[in-house]
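K.L.:
Predicted coordinates and the sequence they were generated for:
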Amino acid sequence: MLKCKSLCSTVLSVGVLMSAMVTTANAGYLNPNGPQSDEYTYFTTPTAWDPGANTARVGGFPAEGGATWSIMGAGLSDASGFDSHSNAATSDITSLGFTQNAVEAMVDNALNAWASVSGFSNLGQVADGNVGMGASELVGGQLGDIRIGAIYIDGSSNVLAHAYQPGTEAIFGAGGTITGDVHLDKDENWGTGGFDLSAVLVHELGHSLGLGHSTDVNSIM
């Protein structure tokens, strides 16, 4: 079960001004069985979305940002070098036990929930670039800014999902389009009698918007 009960009161609130070039995009993980050191990790270099699609900044939060999102199809593998997933490829999002329309509604609702308590703008769903995670912008790796996919992570009842902090190729270089992406372990028991996919999406999309983990038991993070 998630240890958190409600949304954080603000989003995109962590971080200080950092240098403009970063070498590694970090992911936040949700592991209900992991030690505390795994449960409470933070992005070492805070980033945030800027207004408009495919725009982000490092540290400092002078303006509210926005992001598009998409659902990854099947057969896509890592192209970033940041996360190989044991060379696994994505499965159709319906492998999570829900229709694609149902997953899309959960994602939209989660982003709208964050938008309702922050200045973030949910720019809506776009057609996915249908390329590997972290593929270059030249071939559509940034479509959408936040890409959600089902993939093998580490099997059932360990890491449920992970998500990358905001960013672009301009910030992270090659592979940088993986930033913002959410990966859900296809081998978990989602739905009735299992893990709450809607709640997990709210948590992971918090990472996609720039939040690390929180020690506040009342926070979804």
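P.N.:
Perfect, thanks for sending it.
K.L.:
Pretty sure residue 199 sits against residue 220.
P.N.:
Yes - between residue 199 and residue 220 a contact is recorded at 7.1 Å, counting by C-beta atoms under 8 Å. C-beta coordinates here come from the backbone N, C-alpha and C atoms, glycine included.
K.L.:
The two: who's more crowded?
P.N.:
Comparing residue 199 with residue 220 by other C-beta atoms under 10 Å, the one with more neighbours is residue 220, at 23 against 17.
K.L.:
How much space separates the more buried one from residue 169?
P.N.:
To residue 169, residue 220 is 29 Å away according to C-beta to C-beta, to the nearest Å.
K.L.:
same thing with residue 221?
P.N.:
27 Å.
K.L.:
how about low-confidence regions in this structure?
P.N.:
Within the chain, the stretches with pLDDT under 70 are 1-43, 60-62.
K.L.:
which residue of it sits farthest from its center?
P.N.:
Computed with C-alpha atoms, centre = their mean, the maximum C-alpha offset from the centroid of the chain is found at residue 193, amounting to 24.2 Å.
K.L.:
Which element, helix or strand, includes that residue?
P.N.:
Assigned by DSSP states H and E, residue 193 falls within no helix or strand.
K.L.:
need the next SSE after the longest helix along the chain, C-terminal direction.
P.N.:
In the chain, taking DSSP state H as the definition, the longest helix is helix 100-116. Counting by DSSP H and E, the next helix or strand C-terminal to helix 100-116 is strand 121-125.
K.L.:
just the angle between that next one and helix 100-116, please?
P.N.:
When axes from the mean of the first three to the mean of the last three C-alpha atoms, to 10 degrees is applied, the directions of strand 121-125 and helix 100-116 differ by 170 degrees.
K.L.:
Identify all contacting residues around strand 121-125.
P.N.:
Identification of contacts with strand 121-125 by C-beta atoms under 8 Å, 6 or more residues apart in numbering yields 51-53, 64-71, 104, 107-108, 111-112, 114-115, 144-145.
K.L.:
Generate a PyMOL selection restricted to the buried entries among the residues you listed.
P.N.:
Selection of the buried residues among the contacts of strand 121-125 in PyMOL, burial being defined by 16 or more other C-beta atoms under 10 Å:
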select buried, resi 53+64+65+66+67+68+69+70+71+104+107+111+114+115+144+145
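K.L.:
returning to that earlier point: remind me what the longest helix of the chain packs against, helices and strands.
P.N.:
In terms of contacts (3 or more C-beta pairs under 8 Å, 6 or more residues apart in numbering; DSSP states H and E), helix 100-116 is packed against strand 66-71, strand 121-125, strand 146-151, helix 197-208.
K.L.:
again, only using 10 Å
P.N.:
strand 66-71, strand 121-125, strand 146-151, strand 182-185, helix 197-208 (3 or more C-beta pairs under 10 Å, 6 or more residues apart in numbering; DSSP states H and E).
K.L.:
Sweet, I'm off.
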